[in-house]
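**Q** Starting from these lines, generate the structure:
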Amino acid sequence: MQRLRSSAVTLVALCSISLRSGAQSTEGGAAAAVEFTVSMPRPYTHLLEVEMRVKPGLGADAHVDLVMPVWTPGSYLIREYERHVQDFSAKNAAGQALPWMKVNKNTWRIAAPRSAAITAAYRVYANDLTVRTNELNDTHAFWNNAGLLMYPDGQLRSASTLRVVAPAGWRVATGLPLAAGRTDTYAAPNFDVLYDSPFEAGTFTTLSFDVNGVPHRIVIDGRGNYDSTRLRDDVQKIVRTEATMMGDIPYHDYTFLAHMRAPGGGGLEHLNSTGLIFAPFGFQPDASYHEQLSLVAHEFFHLWNVKRIRPDALGPFDYTKENYTRLLWVAEGITSYYQDLVLRRAGITTEEEYFDALASTMRGIQETPGRKVMSVEEASFDAWIKYYRQDENAVNSQVSYYDKGGLLGLLLDLEIRKRSAGARSLDTVMRYLYAEFFSKGRNYTPDDFQKAAELAAGSSLENFFARYVHGRAELDYGSALDAVGLRLDSLGTDHSYLGADLAQSGDRLLVTRVYSGTPAYEQGLNANDQIVSINGIRASKSFFDTRMKEMRAGDVLHLSVARFDEQRNIDITPSRRTDGPYRILSIAQPSAEQLRLRRAWLSGQ
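**A** Here you go, the predicted structure:
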């Protein structure tokens, strides 16, 4: 994207400040240029019904173009929300039908003079519960406004209101403030704020708490095996720990919209709220519960890192196409670094549990061949075409800017602490970016981030960024951990190694993934192959695992494989490999300086 003009960037700060101030009307008291009504008269149809009233003066001389976003900030994929729109119509102030036509995939052109007020109506099919899509059924409604509401072309700065007409007995939760004097209508100073404010309607449970006098609420849709008191108290600890680190609470209230209706998980950050999906019965045992809290810590930290500390291209947004940046390794990766560190600093997890989480991420990266062919900057830039569209070869051609970015956060933090003798850290960098960029109404570039890190370190980090950020060098965990008196260990044992992931599907043994550079890859096994027999014996996952344990160096696996309905024979000689779970342990005799740095790192002091 092109560099942002200063006036446009200043708008980003104003959007955030408007949510922080607690204003109960549109920005500056201006009347809303667009008035939306969202209703759901028949929830079982999954159709959200939208009425959009556009005041005069927002179109061209002879028409008004209404545009549906094709993606939502925080989820870097063109999702084509317009494909769910149906039953579009338009009329003038007198109720007379106006002619219209589509001029491209996501733009509806209504024939009307610039001086006319118009009303458009349409329905959106909503039957997909993720944090970036919409769902309506007879139990609740959840929607992201970017996937539901159109905007008049060229009018993203216009103020709007949104009235919600929900079924009897349902309540509404959102981060948007109520419009002055209204109980069912919410106000946004511009479309960036409107699109950054998801809605939940239903019969949800609410858990409330304050931090530094600022109200927070956890809105829970669905049922699960959570303990209400424990969950509320632990989320409060997360909020307090992160707010203390950053030195500011940049909102007037905060809403966690938590859904417990899907087997998976996920989150999406917003200015003063977040959408979350939890595994409903994933709150026990503690290890699973901590994974749920890690998601909370991640999405909440985004309210600083991304929503206010903004990478170059991420805001104001173009909602009609990709917005490219090479900084997702900072935006998402460093947020991932803090998500588990915050749980340790908040006293929710132990040092051992935190070290186990770090070690697991390290092992995951080291078992990803794609780390050798893609840098984190490349992964960030290509997120739009790769990260959300992974296939069986992704492990060989990609690296996660979440995971590797998180480990770079660790290495950078410990490097800064070592060079500054503990006077500064990555925490210092994040506070600096908040003060020097967000507070001054500007976004930061890759060079800006490096300079901020070097300022904290007190010396050049050119080699670090050249090797690990721009380049694809192997991460030096040992040197980083040594700064705080730790070392990386492996519990591995010598064993035969094929280099493929297998899964039992009914009575079929399937190859789900083949890792480049391994015996399976080099000797002809493919993803999606069905292994019919092993050494003449009918194949199963348990038989394969047993056979691999018995194999000695030089032994050959004789595989009969079904591929595209054809059967073939493949002989593979596994290699020998020593691996196993990684562990982070203390060195034998850490120095007083190493222990001091470790305590400061883990406590955040």
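**Q** So what's the residue count around Val214?
**A** By the other CB atoms under 10 Å criterion, the neighbourhood of Val214 contains 17 residues. The way it works is simple: take the backbone N, C-alpha and C, and place the C-beta from them, glycine included.
**Q** Who is it paired with across the strands?
**A** Val211 (DSSP bridges).
**Q** So what's the predicted local confidence for it?
**A** pLDDT recorded at Val214 is 98.
**Q** For Ala180, see how far away it is.
**A** As judged by CB to CB, to the nearest Å, Val214 and Ala180 stand 22 Å apart.
**Q** can you give me the end-to-end distance of stretch 507-523?
**A** 25 Å (CA to CA, to the nearest Å).
**Q** Just the residues contacting that stretch, thanks.
**A** 367, 369, 392, 395-396, 497-504, 525-532, 539-541, 544, 570-575 (CB atoms under 8 Å, 6 or more residues apart in numbering).
**Q** List the buried residues of it.
**A** Leu509, Leu510, Val511, Arg513, Val514, Tyr515, Ser516, Thr518, Pro519, Ala520, Tyr521, Gln523 (16 or more other CB atoms under 10 Å).
**Q** So which of the residues you listed belong to helices?
**A** The helices, defined by DSSP state H, take in Pro519, Ala520, Tyr521 from the buried residues of stretch 507-523.
**Q** Around the closest residue in space to Arg261 that isn't next to it in sequence, how many other residues sit close by?
**A** Distance criterion CB to CB, 6 or more residues apart in numbering; nearest residue to Arg261, sequence neighbours excluded, is Gly222 at 4.3 Å. When neighbours are defined as other CB under 10 Å, Gly222 has 18 of them.
**Q** Now do Gly264, the pLDDT please.
**A** On pLDDT, Gly264 comes in at 75.
**Q** Enumerate every residue touching the residue nearest to it when sequence neighbours are not counted.
**A** Among residues not flanking Gly264 along the chain, Ile277 sits closest, at 6.5 Å (CB to CB, 6+ apart). If you count contacts by CB under 8 Å, 6+ apart, Ile277 has them with Leu129, Thr130, Val131, Ala258, His259, Met260, Arg261, Ala262, Gly264, Gly265, Gly266, Gly267.
**Q** same thing but at 6 Å, please
**A** Val131, His259, Ala262, Gly265, Gly266 (CB atoms under 6 Å, 6 or more residues apart in numbering).
**Q** What of Ile534?
**A** Here Ile534 is in contact with Phe544 (CB under 6 Å, 6+ apart).
**Q** Look up how far Gln504 lies from it.
**A** On the measure of CB to CB, Ile534 and Gln504 end up 13 Å apart.
**Q** Then Leu268?
**A** Applying CB to CB to Leu268 and Gln504 gives a distance of 34 Å.
**Q** Could you do Tyr122 as well?
**A** Taken as CB to CB, the span from Tyr122 to Gln504 is 46 Å.
**Q** between the two, which one's more packed in?
**A** In this view Tyr122 and Gln504 are compared by other CB under 10 Å, and Tyr122 has more residues nearby, 22 against 13.
**Q** In three-state terms, label that one for me.
**A** Three-state call for Tyr122 (DSSP: H, G, I helix; E, B strand; the rest coil): strand.
**Q** With the one 10 residues further on instead?
**A** Following three-state DSSP, we place Arg132 in the coil state.
**Q** is it true that it touches Pro73?
**A** No - at 9.7 Å, Arg132 does not count as touching Pro73 under the criterion of CB atoms under 6 Å.
**Q** For Thr26, report the pLDDT, please.
**A** pLDDT, Thr26: 37.
**Q** swap in Val219?
**A** Reading off the model, Val219 has pLDDT 98.
**Q** So that it lines up with my notes, have the first residue be 869 from now on.
**A** In the new count, where the first residue is 869, that last one comes out as Val1087.
**Q** pretty sure it contacts Tyr1122?
**A** No - look at Val1087 against Tyr1122 with CB under 6 Å: they stay out of range, at 11.0 Å.
**Q** Would you quantify the distance from the residue nearest to Arg1129 to Phe1010?
**A** Using CB to CB, Gly1090 is found at 11 Å from Phe1010.
**Q** got a list of what the residue lying closest to Leu1195 once chain neighbours are set aside touches?
**A** Excluding the flanking residues, the one nearest Leu1195 by CB to CB, 6+ apart is Pro1179, at 3.7 Å. Counting by CB under 6 Å, 6+ apart, Pro1179 touches Thr1193, Leu1195, Ala1199.
**Q** most neighbours, which of these?
**A** Neighbour tally across those (other CB under 10 Å): the maximum, 28 neighbours, falls on Leu1195.
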